[in-house]
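Colleague: Test case, fold it:
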Amino acid sequence: MGPLDAFWHLTNLFVPALALGALAAALAKLAWRRALAGVSWRRLAGPACAACAVVTLAGLVLFGRDGKMATYGAMVLACAVMLWWQGFGPGRGRR
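Modeller: Below is the predicted model:
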């Protein structure tokens, strides 16, 4: 595998995590418009994307391959927890 192939392989590994974090943050801002008015989209999306990326790596280490449904389920759970933490939980007060 060449360097360009390795780059695309790693990029495609993390695309679902980044897409889930970004899309979930945008939908949370839309669904809870008034409650999340004081929280920026970047503040919601950053930790959500990071949590999803960590879960992707953990699933790769735990299962020995990527793309397992258990990993995707854990990504959704981690994303929801981080969105709650930053939007409604104790992390909201820290700016």
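
Colleague: OK, contacts around the residue sitting nearest the centre point of the chain?
Modeller: Central residue check for the chain by Cα atoms, centre = their mean: the C-alpha nearest the mean position is that of C49, 2.8 Å away. By Cβ atoms under 8 Å, 6 or more residues apart in numbering, the residues touching C49 are A17, L18, L20, G21, A22. (Each C-beta comes from the backbone N, C-alpha and C, glycine too.)

Colleague: So what's the gap between the one helix or strand it maps to and the chain middle?
Modeller: Using DSSP states H and E, the element containing C49 is helix 41-63. Remark: helix 41-63 is offset 4 Å from the chain centroid, using Cα atoms, centre = their mean, to the nearest Å.

Colleague: tally of neighbours for T11?
Modeller: 10 (other Cβ atoms under 10 Å).

Colleague: That one is in what secondary structure piece?
Modeller: Using DSSP H and E, T11 falls in helix 3-31.

Colleague: got the buried residues for that helix?
Modeller: P16, A17, L18, L20, G21, A22, A24, A25, A28, K29 (16 or more other Cβ atoms under 10 Å).

Colleague: and what of stretch 34-49?
Modeller: The neighbour-count check on stretch 34-49 (16+ other Cβ under 10 Å) flags L36, V39, R43, L44, A45, G46, P47, A48, C49 as buried.

Colleague: And for stretch 59-73?
Modeller: G59, D66, T71, Y72.

Colleague: Turn those into TSV, columns for pLDDT, distance to A53 and secondary structure.
Modeller: Formatted as TSV, those follow (pLDDT from 0 to 100; distance: Cβ to Cβ, whole Å; DSSP: H, G, I helix; E, B strand; the rest coil):
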residue	pLDDT	distance to A53	secondary structure
G59	96	11	helix
D66	86	12	coil
T71	95	12	helix
Y72	96	13	helix
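
Colleague: Closest to L4 out of those?
Modeller: Of all the buried residues of stretch 59-73, L4 sits closest to D66, with 19.5 Å by Cβ to Cβ.

Colleague: remind me which residues of this structure are low pLDDT?
Modeller: Applying pLDDT under 70 to the chain picks out residues 93-95.

Colleague: if you set the cut-off to 90 instead, what comes out?
Modeller: Scanning the chain for pLDDT under 90 picks out 1, 38, 66-67, 89-95.
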